[in-house]
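J.: following is a predicted model, sequence given first.
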Amino acid sequence: MTKQTRLHALETQIRRLGQRLEELQSTSYRYSWIRVIVVVAGVSAAGLALFFGEAWLSGVCLAAAVLLFGLVVRAHQEVDHSIRRHRSWRQIKSGHVARASLDWEHLPTTFPHQPRPEHPFEADLDLVGSRSIHRLLDTAVSFEGSQRLRDWLTTPVPDLKEIARRQELVRELAPLSLFRDRITLNAMAATGARKTWEADHLVSWLEKRAPASSLRLWLLLFSVLILLNAALLIANLWGPLPPWWQVTVVLYVGLWLARARSSEAVWDQARALQGALKQLHAVFSQLEVFSYRYTPHLKVLCAPFLDPTHRPSRYLGRIAWVVTAMGLRTNPFIGLALNLVLPWDAYFAYRLNRTKAAMARYARAWMDVWFELEALSSLANLAYLNPAYSFPHVRAFPAEGQSSILSAQALGHPLIPDRERVCNDLTISELGQVIVITGSNMAGKSVFLKTVGVNLALAYAGGPVNAYVLASLPFRLFTCMGISDSVTDGISFFYAEVRRLKALLADLERDHPLPLLYCIDEIFRGTNNRERLIGSRAYVRTLAGKQGTGLIATHDLELARLADEMPQVQNYHFRDRIVGGRMAFDYTLRPGPCPTTNALTIMQLEGLPVSTAQGPLPAGQDDGSSQDKTPSI
């Protein structure tokens, strides 16, 4: 199935959901009027019967109206619940369309993650932010699921076993679009909101419990007092005893009021987490009943939900029942009445404490699986929406029949729309090799560096990549691209760049079992031409031959001449041409240094007063900067 076919199917589903929503909203509107009619008719009939002196008939009319009103309200609530689910379902499907078409304006909002400038590559590769890989992929409802996806995309040290395990799970989940979307729908519809909680709050609540002996003692005391109250009351009504029950009741009520604040705090905490509990129940129930017959790896992951003696739904159902029962105490009159005849608060506080203790032993494992499943589903959704993407081969050694440490065919950037994306091939033969990429302004050098880095980040996360084939060693990644100065810290652009390059070199020379792959954009651009060339050549000489490999994009054509001196340096370039008085680029990577420059040509085309000693520079010709011994593009 092609991407366009899947997009068409999603748009058809969205259209049908819209039609169904219109029908449901019409039904809801009719139920609103029916409720009004039932109330008016019931009150009118009761009043009319009372007017004619038929009190019994008036009561029957009122009772019938109340019963009918209750049935109509129940039906109306079901319709409104269906409307909420259909809206959530349409939101999910619309989000998929926005992701597939890179429609950032209609992409669902995700949790606010800000890129970390000190991270080896997160900020430079646009992995996190408002228009990032993470936001494009993130379908998680929980904060922890979203954070786990981010951690996988930005892991500094890839783990081969984890990559292989996640790949198998993503392969199984990719075609299960209905399964993945239903998990999202259940979590969203359970509370009527997309993002409602963080798991740490719920886990902390489960693990924070009162001493069982103390609650048991209070339950026993209240039970004895209630029995004593009842015995003394009966003895007073049908026996010779004076009304001593009044004393014991006052004592009981006093103790109950003294404990009321503690009981209210327990109820408030439980009520605050009801939404989270409903989310867990909705999601976990689906995972318990799903058939894992054709998904063996998914079955292993979801094993904690398949234990018949410790099903999450059982524990969550018990907690929900206890919390509902405790909720009756919110009405002071009902709460007092219940506690006068039963040790209501003490009993349910004790029951809740026991149920929390039982659930806390398994809750972390259950939620850990859910968060992992959300992160995996985000990667699987990328594969589902982009059938042309492939799963990479990440091995400790080159694949059989291959001599390269990184080989990519038709490598593209997933954040570039399909109609604009140009894919390229790249092969790096051995460690210690340095790829110098030259080319004109706007020709695509920086984007290509990001393309390589982004796809490797996706590969190491366990997801698909925007390539026909990608085979790679597990590299540590490091980039030096989006350098900026800091006014508040008093750091200049050049000094910030020097510090970043120093950190890269330290990481490259560090004793580590995994090699480093680095991407550098415009090395030492914060200084003059002469010092930039001297520093760049020295830096490249230091990089070459080390336990790593990398790509350097530069305007300095002189840097490309290192390939004549050092066998580890290899040149590639992007080129441009003038078409109809405008710059044109094909964004195709070619071997060798760039044969053309365009800086002065661009200035001329934009009407700036550019001239040389020989007069204005004809468009498309070399700008003569080689006379300075430090050619730039």
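T.: Structure's in. What do you need?
J.: tell me the buried residues in the helix or strand hosting A563?
T.: Secondary-structure element containing A563, defined by DSSP states H and E: helix 562-565. Residues 562-563 are the ones in helix 562-565 that count as buried (16 or more other Cβ atoms under 10 Å). Backbone N, C-alpha and C define where each C-beta goes, glycine included.
J.: quick one: contacts of that helix?
T.: When contacts are taken as Cβ atoms under 8 Å, 6 or more residues apart in numbering, the neighbours of helix 562-565 outside the stretch itself are 436, 537, 540-541, 569-571, 593.
J.: repeat that for stretch 284-295.
T.: With Cβ under 8 Å, 6+ apart as the criterion, stretch 284-295 contacts 172-173, 176, 179, 182-183, 186, 298-299, 302, 305-306, 311-313, 316, 366, 369-370, 373.
J.: can you select the buried ones among those for me in PyMOL?
T.: In PyMOL syntax, the buried subset of the contacts of stretch 284-295 is picked out as below (16+ other Cβ under 10 Å):
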select buried, resi 172+173+176+179+182+183+186+298+299+302+305+311+312+313+316+366+369+370+373
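J.: so which of the contacts of stretch 284-295 belong to helices?
T.: Taking DSSP state H, the ones among the contacts of stretch 284-295 that sit in helices are 172-173, 179, 182-183, 186, 298-299, 312-313, 316, 366, 369-370, 373.
J.: who touches V66 in this structure?
T.: If you count contacts by Cβ under 8 Å, 6+ apart, then V66 has G42 around it.
J.: write a ChimeraX command that selects only the buried members of the contacts of helix 562-565.
T.: Selecting the buried subset of the contacts of helix 562-565 in ChimeraX, with 16+ other Cβ under 10 Å as the burial test, is done by:
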select :436,537,540,569,570,571,593
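J.: same list, the contacts of helix 562-565, but as CSV with pLDDT and distance to F475 please.
T.: Output for the contacts of helix 562-565, formatted as CSV (pLDDT from 0 to 100; distance: Cβ to Cβ, whole Å):
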residue, pLDDT, distance to F475
V436, 96, 19
R537, 92, 25
V540, 94, 19
R541, 94, 21
V569, 95, 19
Q570, 95, 17
N571, 96, 21
P593, 90, 26
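J.: now, the most widely separated pair of the contacts of helix 562-565?
T.: Farthest apart among the contacts of helix 562-565 by Cβ to Cβ are R541 and P593. That separation is 17.6 Å.
J.: where does the prediction get shaky in the stretch 151-300 of the chain?
T.: Low-confidence regions of the stretch 151-300 of the chain, defined here as pLDDT under 70, cover residues 190-200, 209-210, 212, 267, 269, 272-273, 275.
J.: go again with 90.
T.: The stretch 151-300 of the chain contains residues with pLDDT under 90 at 186-283.
J.: just give me the residue right at the centre of the chain.
T.: Against the mean C-alpha coordinate of the chain, by Cα atoms, centre = their mean, the closest residue is S146 at 2.7 Å.
J.: helix or strand for that one, which one?
T.: Taking DSSP H and E as the definition, one finds S146 inside helix 143-153.
J.: what lies in contact with that helix?
T.: The set of residues external to helix 143-153 that reach it, using Cβ under 8 Å, 6+ apart, is 110-111, 113, 127-128, 133-134, 137-138, 140, 166, 195, 197-199, 367, 370-375, 378-379, 457-458, 460-462.
J.: quick revisit: excluding its backbone neighbours, what's nearest the residue nearest to the centre of the chain?
T.: With Cβ to Cβ, 6 or more residues apart in numbering as the criterion, S146 has its nearest non-adjacent residue at 4.2 Å, and that residue is A140.
J.: could you check how far the one you found is from Q91?
T.: Using Cβ to Cβ, to the nearest Å, one gets 14 Å for the distance from A140 to Q91.
J.: who has more neighbours, those two?
T.: For A140 against Q91, the residue with the higher neighbour count under other Cβ atoms under 10 Å is A140, and the figures read 26 against 16.
J.: so who does N424 touch?
T.: Contacts were defined as Cβ under 8 Å, 6+ apart; by that measure N424 touches 408, 410-412, 448, 451, 587-589.
J.: how about 7 Å then?
T.: Neighbouring residues of N424 by Cβ atoms under 7 Å, 6 or more residues apart in numbering: 411, 448, 588-589.
J.: a markdown table for those residues, including neighbour count?
T.: Shown next, in a markdown table, are these (neighbours: other Cβ atoms under 10 Å):
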| residue | neighbour count |
| --- | --- |
| L411 | 22 |
| F448 | 25 |
| T588 | 14 |
| L589 | 22 |
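J.: pull the most distant pair out of those residues.
T.: Maximum pairwise distance among the contacts of N424 (Cβ to Cβ): 12.0 Å, between L411 and T588.
J.: L257: helix or strand, and which one exactly?
T.: If you go by DSSP H and E, L257 is part of helix 245-272.
J.: show me where the protein has strands.
T.: 393-394, 406-411, 424-428, 434-439, 469-472, 476-480, 516-521, 548-554, 569-574, 576-579, 582-585, 590-591 (DSSP state E).
J.: dump those to a markdown table, plus distance to L227.
T.: Shown next, in a markdown table, are the strands of the chain (distance: least, Cβ to Cβ, whole Å):
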| stretch | distance to L227 |
| --- | --- |
| strand 393-394 | 70 |
| strand 406-411 | 79 |
| strand 424-428 | 83 |
| strand 434-439 | 86 |
| strand 469-472 | 75 |
| strand 476-480 | 71 |
| strand 516-521 | 75 |
| strand 548-554 | 79 |
| strand 569-574 | 89 |
| strand 576-579 | 93 |
| strand 582-585 | 89 |
| strand 590-591 | 93 |
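J.: what about stretch 7-21, distance to the chain center?
T.: The gap between the average C-alpha position of stretch 7-21 and the chain average comes to 24 Å, counting by Cα atoms, centre = their mean, to the nearest Å.
J.: now that stretch: buried residues?
T.: Of the residues in stretch 7-21, those buried under the neighbour-count criterion (16+ other Cβ under 10 Å) are 10, 13-14, 17, 21.
J.: relative to R421, which of the residues you listed is nearest.
T.: L10 (20.7 Å).
J.: so what's that closest one up against?
T.: Per Cβ under 7 Å, 6+ apart, neighbours of L10: 93, 96-97.
J.: closest one of these to C61?
T.: Distance to C61, by Cβ to Cβ, is smallest for K93 among the contacts of L10, at 47.6 Å.
J.: how much space separates the closest one from F111?
T.: Taking Cβ to Cβ as the measure, K93 falls 21 Å from F111.
J.: likewise C594?
T.: Relative to F111, C594 is positioned 42 Å away (criterion: Cβ to Cβ).
J.: also R216?
T.: Taken as Cβ to Cβ, the span from R216 to F111 is 42 Å.
J.: please say which of these two ends up with more neighbours.
T.: Set side by side, R216 and F111 show more neighbours around F111, with 18 against 14, by other Cβ under 10 Å.
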